[in-house]
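> Fold the following and give me the result.
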Amino acid sequence: MKRIYAMLAVMLLSVGLLAGCGGQEKAADSGKHLSAALYWFGESVDPAHEWDGWTVTRIGAGETLVTVSDKMEFTPQLADKWEATSPTTWRFHIRENVKFQDGTPMTPELVKASLERTLKESARSQKSSKIKDLKVEGQDLVIETTEPHGALLAALTEPAFVILNTKADLSNVASAPVLTGPYQIVGFKKGEEIQLKRNEYYWDGTPGLDTLTVKNLEDDNKRAMALQSGDVNLIQRCNSANRSLFENASYKIEEIVGVRVYMLRMNFDGVLKDANLRRAVSYAVNYDDLAKIEGNGAVVAGAPFPPNIGPKYQESLREHMDLAKAEELLKAAGYTEKNAEGYVTKDGKPLELTINVWGSKTELYEAVQNQLQKAGIKVNLRRVQNSEEAKTKRDFDLTESNWITMGTNDPYWYMDQTLRSTSPENVGHYANPEVDKLLDAMVTAADAKQRMELAGKIQDLVLQDVPNLYLVCPTNQVVAQSNVKGVVVHPIDYYLITKDLTVDGK
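Below is the predicted model of the structure:
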């Protein structure tokens with residue numbers, strides 16, 4: 001039924017979108033041109049404004065000192081090397097012979113000025129980086145933090161820290177920032193379209209396109225129709241209802257498991273303070289079925305991080321279905337009988353749980369409800385207005401949640417927010433002193449390998465404590481016409497357009 005609705009929507013939208021095809025063909029006459037459609041734009045193309053830097057990075061316009069590869073490895077970009085010289089001091093060697101898109105040489109002084117602007121404009125960036133002072137020493141930029149901060153490297157990959165030329169006219173920064181990426185913004189229509197051209201001064205080889213058009217099409221069906229009609233060559237995100245439209249030789253679907261995880265958080269102030277009950281609930285869930293319901297390449301989570309990303313853990317601890325163990329643990333918690341409805345009881349009272357839901361994944365949580373009820377646990381789904389209400393209303397047993405786990409290729413922020421005993425985002429009031437201690441150790445650990453090892457130890461403890469049900473991880477998709485070359489889909493979806501992207505036959 002979903003597929004039928006999607007195809008009808010595509011047909012109804014076709015007339016309006018086909019009218020735009022001629023513009024793309026005209027642009028193509030002047031060189032290699034590609035049109036892409038994104039699912040979100042933001043208000044501007046000022047990297048430091050709110051989350052707009054994500055779009056700036058997606059479209060290949062902006063770059064940071066350090067980036068993250070599609071293999072989830074820190075990679076030099078505008079800094080070609082770095083080191084932590086003390087717990088609070090980092091030294092970055094600024095890449096030489098780089099020019100901004102207007103031909104201005106990128107100097108360490110201009111990099112410093114750009115970072116200072118970001119810190120002034122973005123409170124989020126101040127908090128994540130904990131930068132206290134910046135100073136230039138030759139070709140090096142030295143960063144001093146307010147306290148030991150092993151996650152600084154990861155923080156600097158976030159697109160708010162895209163480097164821009166502060167000597168350029170900043171009165172136009174919301175629509176025409178001067179950056180260093182392979183493509184320069186030459187036109188911006190808020191909420192509609194961004195036009196770009198090849199950066200003739202690009203430091204890392206010749207970009208594969210002459211011009212680029214990026215459209216903002218937030219509706220899934222509109223993006224699908226735009227690709228089908230030829231109005232665009234590439235789209236980011238394709239839902240399961242439209243996927244079959246592109247499973248043929250005319251298109252390519254590139255996908256990878258992303259960094260987001262959908263979960264249910266357990267309330268330690270209620271009946272689920274009993275570890276046996278938490279584990280019983282975990283064993284009663286059919287995670288494989290949930291991944292199929294999510295569809296579109298989604299995979300089982302079963303742990304705090306997606307299976308292809310993040311710290312290693314003991315595989316035997318991974319959350320999985322085992323109804324015999326669930327029954328055994330329910331009995332250990334005192335639920336030894338069943339009533340006439342088939343629900344387990346203790347002292348004559350059935351075990352009854354309430355799940356707060358608020359988003360669009362109703363089908364997923366209805367499946368959890370049915371699975372738990374088959375195991376003898378009565379479950380009520382209660383819809384609340386939003387995630388904030390889900391957090392503040394304490395009369396739940398489980399509540400819907402989803403998090404970006406490795407948004408800047410570091411596990412600390414997500415673990416600190418969701419697992420530290422004192423965190424406001426720890427909505428279930430989970431507390432394990434050993435977890436807090438390991439999180440404290442991560443604060444000062446500057447070595448990426450050491451940070452992952454500490455995170456792995458935390459993950460093992462969490463999987464034993466079962467504070468959350470880690471359900472599924474969706475995929476990131478890029479769908480393109482078959483003549484589009486150099487497409488690389490990334491676990492972090494604000495990486496999309498690169499210098500290597502090109503089109504054949506133009």
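
> residues in contact with A301?
By CB atoms under 8 Å, 6 or more residues apart in numbering, the contact set of A301 is 261-263, 287, 307, 319, 470-473. Yep, even glycine has a C-beta here, placed from its N, CA and C like the rest.

> Please repeat the previous calculation with a cut-off of 10 Å.
257, 260-263, 287, 290-291, 307, 318-319, 405, 468-473 (CB atoms under 10 Å, 6 or more residues apart in numbering).

> Now the buried members of those residues.
Among those, the ones that count as buried by 16 or more other CB atoms under 10 Å are 257, 260-263, 287, 290-291, 318-319, 405, 468-473.

> Cross the residues you listed against helices and list the overlap.
287, 290-291 (DSSP state H).

> Check what pLDDT G31 gets.
You'll see G31 listed with a pLDDT of 88.

> Surely T498 and G60 touch.
Yes. Assessed by CB atoms under 10 Å, T498 is found in contact with G60 at 6.2 Å.

> Now for the two: what residues contact both?
181-183, 207.

> CSV for those, including neighbour count?
Formatted as CSV, those follow (neighbours: other CB atoms under 10 Å):
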residue, neighbour count
G181, 26
P182, 27
Y183, 28
P207, 25
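
> Return the member of the residues you listed nearest to D397.
Closest approach to D397 among the shared contacts of T498 and G60 (CB to CB): G181, at 47.5 Å.

> one step back: which of the shared contacts of T498 and G60 sit farthest apart?
Pairwise over these, using CB to CB, the maximum falls at G181 and P207, 8.9 Å.

> who touches both of those two?
In terms of CB under 10 Å, 6+ apart, G181 and P207 are both contacted by the residues 60, 196, 199, 497-499.

> Keep only those of these that are in strands.
Per DSSP state E, strands hold the following members of the shared contacts of G181 and P207: L196.

> so where do the strands sit in the stretch 201-350 of the chain?
Applying DSSP state E, counting those that start in this stretch to the stretch 201-350 of the chain gives strands spanning 211-216, 234-236, 251-257, 260-266, 299-300, 337-338, 344-346, 349-350.

> Deepest in the core, which of the ones you listed is it.
For the strands of the stretch 201-350 of the chain, average neighbour numbers computed from mean count of other CB atoms under 10 Å are highest in strand 234-236, which has a mean of 26.

> Run through the neighbouring helices and strands of that one.
Strand 234-236 sits against strand 33-38, strand 211-216, helix 220-229, strand 251-257, strand 475-481, with contacts defined as 3 or more CB pairs under 10 Å, 6 or more residues apart in numbering; DSSP states H and E.

> rerun at 7 Å
In terms of contacts (3 or more CB pairs under 7 Å, 6 or more residues apart in numbering; DSSP states H and E), strand 234-236 is packed against strand 33-38, helix 220-229, strand 475-481.

> Mind putting the ones you listed into JSON lines with distance to G295?
Converted to JSON lines, the helices and strands packed on strand 234-236 look like this (distance: least, CB to CB, whole Å):
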{"stretch": "strand 33-38", "distance to G295": "21"}
{"stretch": "helix 220-229", "distance to G295": "13"}
{"stretch": "strand 475-481", "distance to G295": "10"}
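
> Poorly predicted segments of the chain, please.
Applying pLDDT under 70 to the chain picks out residues 1-30, 506.

> I figured Q236 hits V487, correct?
No. With contact defined as CB atoms under 7 Å, Q236 does not count as touching V487 (10.6 Å).
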